[in-house]
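Student: Quick check, what structure comes out for this input:
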Amino acid sequence: MPCMNHQPAGSLPVPRVSIGMPVYNGERWLEETLQSLRGQTLADFELIISDNASTDATRAICERHGAEDRRIRYYRNAHNIGANRNYNAVAALARAKYFKWTSSHDLCDLRFLECCVAALEAEPNAVLAYPRTMMFSNSIEDAAPYEEDIAAMQESAAARFTHILCNMNLVNPIYGLIRTPLLRRAHPMGVFHSADRIMLAELALLGKFVLIPEPLFFYRMSEESTMHLRPPSEQVRHLEPDATSPPPWQNWKFQASLFRDAVVSAPSGAEKVAATVFALKSIVWGRGNLLRDVKTAMRMGR
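Tutor: Below is the predicted model of the structure:
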């Protein structure tokens, strides 16, 4: 995964914010997304792009922007490692105290970073801050408010954990601003469906989620940009590019990760007990999916 910028990261001052962009064949909207990031009112950031061996014009677009803006660090994987591993890759390269994941097709208001940093600095017990979301398909001129963004401001870590898992619909908080040291305390994103939901649940054990009332995040909801709207075969290759059949044990991996996080990351005492009890209940509630995983694995001989 060699760096394609001429200036090594070590020769640059440590910025206030690191933005990580995993990308694969993002040429259609990449230009617009990069412009929305480069124009942020909080200019003290680095943008780390990890290109998952794209076969379109992604590389040329990124290298051009990198030549124009020294804040951009472009890396290219030798082969496609899958989306979730690429999300972990950009997070591992972050140097700043705050970190944000961004997709190659969503857009940020120019005040996104400024407002999120201010929110985290005003709430020292928060692990994450994100703004309200606007949903659009082609043009932000047609964007409509998304009404289901949620905060997690409970004092109890177990209460935040259950609140996020029970009430969060879209995982928009994953594109908020996160305290990098706390992100590194969490487990890396797993390679299974809804692993981003598990990561947010674990982060909720580590701190509060602040919801900024201004709509500063523009989420592109279309079949081309939104993975859960694509055919199942594409969803599989999104995680495991070389897979020829659906990877087994997806629900077991989800529930095992949830239980692990409750046991490992919840504060000790009553909080850990409450989080673990909820994780065990989740296993019971999901027993039908777990049984289907067993039957599928037996049928596939895996």
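Student: C-alpha only now, for contacts and for neighbours.
Tutor: Fine.
Student: This protein - how does it break down into domains?
Tutor: If the domains of the chain are taken from automatic domain parsing, they occupy 9-228, 229-300, with pieces of a single domain joined by a plus sign.
Student: can you put these in JSON lines and add mean pLDDT and mean neighbour count?
Tutor: Below are the domains of the chain laid out as JSON lines (pLDDT from 0 to 100; neighbours: other Cα atoms under 10 Å):
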{"stretch": "domain 9-228", "mean pLDDT": "96", "mean neighbour count": "19"}
{"stretch": "domain 229-300", "mean pLDDT": "92", "mean neighbour count": "16"}
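Student: Straight-line length of stretch 37-49, end to end?
Tutor: Taking Cα to Cα, to the nearest Å, the first and last residues of stretch 37-49 lie 12 Å apart.
Student: outside of that stretch, which residues touch it?
Tutor: Contacts with stretch 37-49, where a contact means Cα atoms under 8 Å, 6 or more residues apart in numbering, come from 15-23, 62, 71-75, 90, 93-94, 96, 107-114.
Student: In the stretch 201-302 of the chain, mark out all the helices, start to finish.
Tutor: Residue ranges of the helices in the stretch 201-302 of the chain, as given by DSSP state H, counting those that start in this stretch, are 232-239, 250-265, 270-285, 287-300.
Student: Can you say which of those helices is nearest to residue 163?
Tutor: Comparing the helices of the stretch 201-302 of the chain against residue 163 with Cα to Cα, the closest turns out to be helix 270-285 (10.9 Å).
Student: quick one: the nearest residue to residue 240 once chain neighbours are set aside from residue 51, how far?
Tutor: Distance criterion Cα to Cα, 6 or more residues apart in numbering; nearest residue to residue 240, sequence neighbours excluded, is residue 82 at 5.3 Å. When distance is defined by Cα to Cα, residue 82 is 11 Å away from residue 51.
Student: And for residue 99?
Tutor: As judged by Cα to Cα, residue 99 and residue 51 stand 18 Å apart.
Student: just residue 192 next, same as before
Tutor: Where residue 51 is concerned, residue 192 sits at a distance of 20 Å (Cα to Cα).
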